[in-house]
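>>> test case, fold it:
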Amino acid sequence: MKLSERISSLTGVNIRKDLVMEFGDRHDGAIEFAGLLPDGIIEVGYFYGDIKPKNILVLSSQIGCPSKCSFCALGNAPFTRNLTANEIYEQAVVMLQQAARYGIDIDTNKHKVNIAKSGEPLFNNHLVAGLEKIATLDFSFKVSTVFPFGKIEHFKDITHFAADYHEPVQIQVSLISTSEEYRRKAAGIRVASFQEIREAADYWFENHPKGRKINLSLILTGDVPCKAKEVAPLFPPDLFRFRFRNYVPTGHGKDHDLTTMGQWRYDMLKDSFADEGYEVGDWATPTLIEQRFSLASNVTRDRYIKMVKGEI
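Numbering: from 1, shown residues only. Okay, the predicted model is just below:
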């Protein structure tokens, strides 16, 4: 049965949308909406286009977030609760239905689900149950985490899900910087040490030998410390690859005086990591549409709230 047929009769019991925003075109497009729940607001996204190998559903794991990362538009929004497995699943269904209404061919294009919108997934003990429900649609996954301290058991649960699942599951850790001190300050919560991240990666490959390399994501702001040689011994290229993403400005980031990185330094950093043997590519670079409309996570949620309040 086609995906469009499978989701056509499903209804979102908990998630509803009030305003849907579409950006760009079939070459480079995005759909985003603020998902409304009785006790809060989350964000749901869908990125598509012929420049992407897969259409990407980007879902939330919590209402609010215990983390207060300096670069995130969620900023100081209060943490309310974890989303249930059904609420995680419903985001995918509601967004796929919306994409189909916009004329996007959801049957032919492959899909990947990225847990990277509102919230920190490793804090949510319902996450794997949510992934299992979405797995009935045969999508691949990416779980994006800042890796809070003390959440290794939740990471292990994801590892075992990935080892048993027939589609790829990718782990992405927001390392933020190659400086542990800078990372701690930027994350806003106690985070796992570099050594603990390495130990988690060892567990990943011991229990999921065919698993993909761990992505270490660097948020490339103007002042971020970023030195490949300092971390290469702990994060070897055969276990890890680095994801370079230019900082997309957010209101919360401006409050922390974050600036974007110039192209010259960006290219220089890429070359320095390639020299250490890492895979280097532009797969994480924000597209023109993401840059034009500042589509960092939770920006659409923030805009919606300001619109409802009459601030914009």
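
>>> residue boundaries of the helices in the stretch 201-312 of the chain?
In the stretch 201-312 of the chain, the helices defined using DSSP state H, counting those that start in this stretch lie at 228-231, 251-255, 263-275, 288-292, 299-308.

>>> between those helices, which one is closest to residue 51.
Comparison of the helices of the stretch 201-312 of the chain against residue 51 by C-beta to C-beta identifies helix 288-292 as nearest, at 9.4 Å. Any C-beta I mention is one placed from the backbone N, CA and C, and that applies to glycine too.

>>> may I see the buried residues of the closest one?
For helix 288-292, burial by neighbour count (16 or more other C-beta atoms under 10 Å) applies to 289, 290.

>>> related to what we said a few turns ago, hey, which of the helices of the stretch 201-312 of the chain is tucked in deepest?
Comparing the helices of the stretch 201-312 of the chain by mean neighbour count (mean count of other C-beta atoms under 10 Å), helix 299-308 ranks first with a mean of 19.

>>> distance from that one to the middle of the chain?
Remark: helix 299-308 is offset 19 Å from the chain centroid, using C-alpha atoms, centre = their mean, to the nearest Å.

>>> so what touches that helix?
Residues from elsewhere that reach helix 299-308, judged by C-beta atoms under 8 Å, 6 or more residues apart in numbering: 18-19, 21, 32-34, 41-43, 45, 73-74, 118, 248, 250-251, 293, 312.

>>> okay, the residue nearest the centre of the chain: pLDDT?
The centroid of the chain falls nearest to residue 116 when counting by C-alpha atoms, centre = their mean (2.6 Å). Note on residue 116: pLDDT of 95.

>>> tell me the contacts of it?
58, 59, 142, 144, 172, 297.

>>> one more pass at 10 Å, please.
Residue 116 sits next to 43, 45, 56, 58-61, 142-145, 172, 174, 217, 297 when contact means C-beta atoms under 10 Å, 6 or more residues apart in numbering.

>>> list the buried residues for the helix ranked longest in the chain?
Longest helix in the chain, counting residues (DSSP state H): helix 85-101. Within helix 85-101, the residues scored as buried using 16+ other C-beta under 10 Å are 85-100.

>>> show me which of the contacts of helix 299-308 are buried.
Neighbour counting by 16+ other C-beta under 10 Å classes 32-34, 41-43, 45, 73-74, 118, 248, 250, 293 among those as buried.

>>> ok so, going back, how about the helices of the stretch 201-312 of the chain, which one is nearest residue 128?
Across the helices of the stretch 201-312 of the chain, residue 128 has its closest neighbour in helix 299-308 (24.6 Å, C-beta to C-beta).

>>> any idea of the mean pLDDT for the closest one?
92.

>>> quick one on the thing from earlier: for the longest helix of the chain, name the packing helices and strands.
helix 3-8, strand 16-24, strand 29-37, strand 40-48, strand 55-59, strand 62-63, strand 111-115, helix 127-134 (3 or more C-beta pairs under 10 Å, 6 or more residues apart in numbering; DSSP states H and E).

>>> and that helix with helix 127-134, angle?
Computed by axes from the mean of the first three to the mean of the last three C-alpha atoms, to 10 degrees, the angle separating helix 85-101 from helix 127-134 equals 40 degrees.

>>> so how far is helix 85-101 off the chain centroid?
Averaging C-alpha positions (C-alpha atoms, centre = their mean) puts helix 85-101 17 Å from its chain's average.

>>> export it as CSV, just CAs?
Extracted C-alpha coordinates of helix 85-101, given in CSV (Å, rounded to 0.1, in the frame of the first residue of the first chain):
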residue,chain,number,x,y,z
ALA,A,85,5.1,8.0,21.8
ASN,A,86,1.7,8.7,20.1
GLU,A,87,2.5,12.4,20.0
ILE,A,88,5.8,11.8,18.4
TYR,A,89,4.2,9.6,15.8
GLU,A,90,1.3,12.0,15.2
GLN,A,91,3.7,14.7,14.2
ALA,A,92,4.9,12.6,11.3
VAL,A,93,1.4,11.7,10.2
VAL,A,94,0.0,15.2,10.3
MET,A,95,3.0,16.6,8.4
LEU,A,96,2.9,13.9,5.7
GLN,A,97,-0.8,14.6,5.2
GLN,A,98,0.0,18.3,4.9
ALA,A,99,2.9,17.7,2.4
ALA,A,100,0.5,15.6,0.2
ARG,A,101,-2.0,18.4,0.2
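
>>> just to revisit the earlier point, same list, the helices and strands packed on helix 85-101, but as TSV with distance to residue 210 please.
Shown next, in TSV, are the helices and strands packed on helix 85-101 (distance: least, C-beta to C-beta, whole Å):
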stretch	distance to residue 210
helix 3-8	26
strand 16-24	35
strand 29-37	32
strand 40-48	27
strand 55-59	22
strand 62-63	30
strand 111-115	18
helix 127-134	18
